[in-house]
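>>> Okay, predicted coordinates and the sequence, questions at the end:
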Amino acid sequence: MVRARTRSGVPAACTGCGQLSAWCHSRYVRRLADVTVGVRPLRIDLSVRRLYCENAACPKVTFAEQVPGLTVRYQRRTPQLQRLVEAVGVVLAGRGGARMLRILNVTLSRCTVLSQLMRVPLPPLETPRVLGVDDFALYGGTYGTLLVDATTRLPLTLWEGRDAEQLGQWLREHPGVEVACRDGSLTYQQGITAGAPDAVQVSDRFHLWQGLSRRVQDIASAHRGCLPAALPPASAADPEPIEGTAENTATNTRAGRHARRLFEPSPRRPDRPPPPPLRGPADHVTGMISGYENLARATFTFTPTPGGSNSMLPAFSPVLAAREGRKPSSSAAGSMSASSRHAVGADATEPNTSA
């Protein structure tokens, strides 16, 4: 950590109007992060003055003095460290830039690196000599126009839509285009003709090869019947074609080996017993019929609980007998409690709505 202090009595320029003033209001300490020294982080505690502005017409009453090359307004990093952060952000973006700065003992998050990158001003736009014009898909059926410097291969600007009038207006605002590379769109042809009539319009390499390949394909399709006659006659010295080359190649691929494992039977070990025979639909039906026959021949017996008093069923036997319309047994009636008899009498007087 380095502690420093600005000199008193030295006038400083107002940040609002630029007039010099030495009238001190107060002091405060600014903590600035600087580039590492000997692979160790460096912090500068700088005591600066807050001065009065002596210009009555200035909207600022007080202002903080700035040290050229060391402080910037609303900044906690020195200009040298700020340039380092911006350069790393341009090359490596957020996450990679934060990792690289951590190696340099500058601790910043990826969000901070991205925010500093977004604050970097764009370079001034220079009119290229060779301009590339093409469209691209934004989303769905919406397209946009992209202008590229064909010499440096850097994008210049883009906008939504493929409008000839907007392209012509941009060319009129940026004169100096000598060559315009475009695709076969008539819209771009009209826009370039209206905005830069002296520019030479050429087709780019991609669309040139694309048009040539389509034309060759159309000619080959139209004269398909003439192609066998154009082949040279086969001689005896020519080697015979190898049969099954494509099949062997397909079999040796990863997909072919996977298909063999799925559909071809694997060799069985001699000590392993053979698998049981597969059961057909008739075997399943026979098993179902025999199961139902065993169920019909089965007899179900009820074994009472030893002692009889531990079971809860005799207490509710009169209720069941009343619902079924029969008389309860004497043993069941004797085991009922007073509350159960009251419930049975109330249940017996109710009409049988379930019937």
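Everything's here; your move.
>>> List the contacts of stretch 174-182.
125, 127-134, 150, 171, 188-189, 192, 196, 198-204 (Cβ atoms under 8 Å, 6 or more residues apart in numbering). In short, each C-beta sits where N, CA and C put it, glycine included.
>>> same thing but 10 Å
Stretch 174-182 has contacts (Cβ atoms under 10 Å, 6 or more residues apart in numbering) with 125-135, 147-148, 150-151, 156-157, 167, 170-171, 188-189, 191-193, 195-196, 198-208.
>>> Which members of these are classed as buried?
Buried by 16 or more other Cβ atoms under 10 Å: 128, 130-135, 147-148, 150, 156, 167, 170-171, 188-189, 191-192, 195-196, 199, 204, out of the contacts of stretch 174-182.
>>> where does the chain dip in pLDDT?
Where the chain drops to pLDDT under 70, the residues are 234, 236-251, 265-272, 274-313, 326-355.
>>> biggest helix in it by residues?
helix 79-103 (DSSP state H).
>>> Could you list every helix and strand that the next helix or strand after it packs against?
Going down the chain from helix 79-103, the next helix or strand is helix 110-118, by DSSP states H and E. Where contact means 3 or more Cβ pairs under 10 Å, 6 or more residues apart in numbering; DSSP states H and E, helix 110-118 is packed against helix 79-103.
>>> In the helix it packs on, which residues are buried?
Taking 16+ other Cβ under 10 Å as the neighbour-count basis, helix 79-103 is seen to contain the buried residues 81-82, 84-86, 88-89, 92, 94, 97-98, 100-101.
>>> JSON lines for these, including distance to Asp163?
Formatted as JSON lines, those follow (distance: Cβ to Cβ, whole Å):
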{"residue": "Leu81", "distance to Asp163": "45"}
{"residue": "Gln82", "distance to Asp163": "40"}
{"residue": "Leu84", "distance to Asp163": "42"}
{"residue": "Val85", "distance to Asp163": "39"}
{"residue": "Glu86", "distance to Asp163": "35"}
{"residue": "Val88", "distance to Asp163": "39"}
{"residue": "Gly89", "distance to Asp163": "34"}
{"residue": "Leu92", "distance to Asp163": "37"}
{"residue": "Gly94", "distance to Asp163": "35"}
{"residue": "Gly97", "distance to Asp163": "38"}
{"residue": "Ala98", "distance to Asp163": "41"}
{"residue": "Met100", "distance to Asp163": "42"}
{"residue": "Leu101", "distance to Asp163": "43"}
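>>> Sort out for me which of the contacts of stretch 174-182 are in strands.
Those of the contacts of stretch 174-182 mapping onto strands are 130-135, 147-148, 156-157, 200-203, per DSSP state E.
>>> In contact with Arg49, which residues?
Arg49 touches 5-10, 12, 21-28, 62-65, counting by Cβ under 10 Å, 6+ apart.
>>> Relative to His258, how far out is it?
Distance, Arg49 to His258, using Cβ to Cβ, to the nearest Å: 78 Å.
>>> For the stretch 151-300 of the chain, just list every one of the helices.
Along the stretch 151-300 of the chain, counting by DSSP state H, counting those that start in this stretch, helices occupy 164-173, 186-195, 205-222, 227-230, 245-251, 254-263, 281-297.
>>> Give the next helix or strand downstream of the last one.
So that's helix 281-297. Assigned by DSSP H and E, the successor of helix 281-297 is helix 317-324.
>>> so how far is stretch 82-95 from its chain's centroid?
23 Å (Cα atoms, centre = their mean, to the nearest Å).
>>> Identify the residue nearest Gln201 in space, chain neighbours excluded?
Distance criterion Cβ to Cβ, 6 or more residues apart in numbering; nearest residue to Gln201, sequence neighbours excluded, is Ala180 at 5.1 Å.
>>> Phi first, then psi, for Tyr139.
For Tyr139, the backbone dihedrals (degrees, to the nearest 10) come out as phi -160, psi 140.
>>> ditto for the one 3 residues further on
Backbone dihedrals for Thr142, given as degrees, to the nearest 10, come out at phi -100, psi 130.
>>> Share the number of residues neighbouring it, please.
Counted with other Cβ atoms under 10 Å, residues neighbouring Thr142 total 9.
>>> Surely it and Trp159 touch.
No. Thr142 lies out of contact with Trp159 (Cβ atoms under 10 Å); the separation is 11.8 Å.
>>> residues in contact with Ser203?
By Cβ under 10 Å, 6+ apart, the contact set of Ser203 is 181-184, 209-211.
>>> what does Thr36 give?
So Thr36 contacts 42, 81, 84, 104-106 (Cβ under 10 Å, 6+ apart).
>>> helix, strand or coil for it?
Three-state assignment for Thr36 (DSSP: H, G, I helix; E, B strand; the rest coil): coil.
>>> now it: how far from Thr157?
Going from Thr36 to Thr157 by Cβ to Cβ gives 39 Å.
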